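> coords below, sequence missing:
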């Protein structure tokens, strides 16, 4: 049965990756009724969308699939004419990798805040983290600190002195710590998908595969997808 207490409702941004799956488990552990928000934003493959749906169903959570477009592209995740660069190389040069989608988290969070207001949820959970991350500016704690006052100033809830919390439970955790946390919370990592490719098995070469493999190795665990 759904909890009608607003304070215990949360929107969880669910991408299908292991970070968002662990974030959903954290929100559930904290006693929230979780409503998952999944985006089809024109990414190069749909594998992560099917994974997100499976994760939500396995957790017993409602989910909404929202389809949006980035007609201007601007990312190798949206435009197959752009080569997917690896963040390790990008970091050495000081560049942001080609997989960065312009303002993606700003857009996703805006949808999530709107959803939260509509159903009287008190929190939005997002699985961003700034350690072992790909160099995206909208995954840093500085971004979330700057965004929170925008929510307070630009929503009915904020104007009426209420609060929609933006919760980033993984923000300072590396991949191995996230994986260990997920294991303790019973996350089925076999349902998750991290690879930027959409094949039957992870490519093992892209940036996302690199960090996932590194995380499982450092956690002393075997990746169930391999």
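Right, received. Where do you want to start? Computed from a prediction, not measured in an experiment: that's the story for all the values here.

> what element comes up after the helix or strand of the chain with the lowest mean pLDDT heading to the C-terminus?
Using mean pLDDT, DSSP states H and E, helix 87-93 stands out as the lowest-scoring helix or strand of the chain, at a mean of 53. Sequence-wise, the next helix or strand downstream of helix 87-93 (DSSP states H and E) is helix 104-119.

> Can you give the distance from that following helix to the centre of its chain?
Relative to its chain's centre, helix 104-119 lies at 13 Å (C-alpha atoms, centre = their mean, to the nearest Å).

> helices or strands up against the next helix or strand after that helix?
Where DSSP H and E defines the elements, the next helix or strand beyond helix 104-119 is strand 123-125. Identification of packing neighbours for strand 123-125 by 3 or more C-beta pairs under 8 Å, 6 or more residues apart in numbering; DSSP states H and E yields strand 9-13, helix 18-29, helix 104-119, strand 165-167. Any C-beta I mention is one placed from the backbone N, CA and C, and that applies to glycine too.

> Save the ones you listed as JSON lines, and put in mean neighbour count and distance to residue 51 too.
Formatted as JSON lines, those follow (neighbours: other C-beta atoms under 10 Å; distance: least, C-beta to C-beta, whole Å):
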{"stretch": "strand 9-13", "mean neighbour count": "26", "distance to residue 51": "14"}
{"stretch": "helix 18-29", "mean neighbour count": "25", "distance to residue 51": "8"}
{"stretch": "helix 104-119", "mean neighbour count": "18", "distance to residue 51": "17"}
{"stretch": "strand 165-167", "mean neighbour count": "18", "distance to residue 51": "22"}
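
> and of these, who's closest to residue 193?
helix 18-29 (8.6 Å; C-beta to C-beta).

> Run the angle between the helix or strand following that closest one and strand 9-13 for me.
Sequence order places strand 33-40 as the next helix or strand after helix 18-29, per DSSP H and E. Per axes from the mean of the first three to the mean of the last three C-alpha atoms, to 10 degrees, the angle that strand 33-40 makes with strand 9-13 is 30 degrees.

> In whichever helix or strand comes after strand 33-40, which residues are buried?
Tracing the chain past strand 33-40, the next element assigned as helix or strand by DSSP H and E is helix 47-58. Neighbour-count burial for helix 47-58, counted by 16 or more other C-beta atoms under 10 Å, picks out 47, 48, 49, 51, 52, 53, 54, 55, 56.
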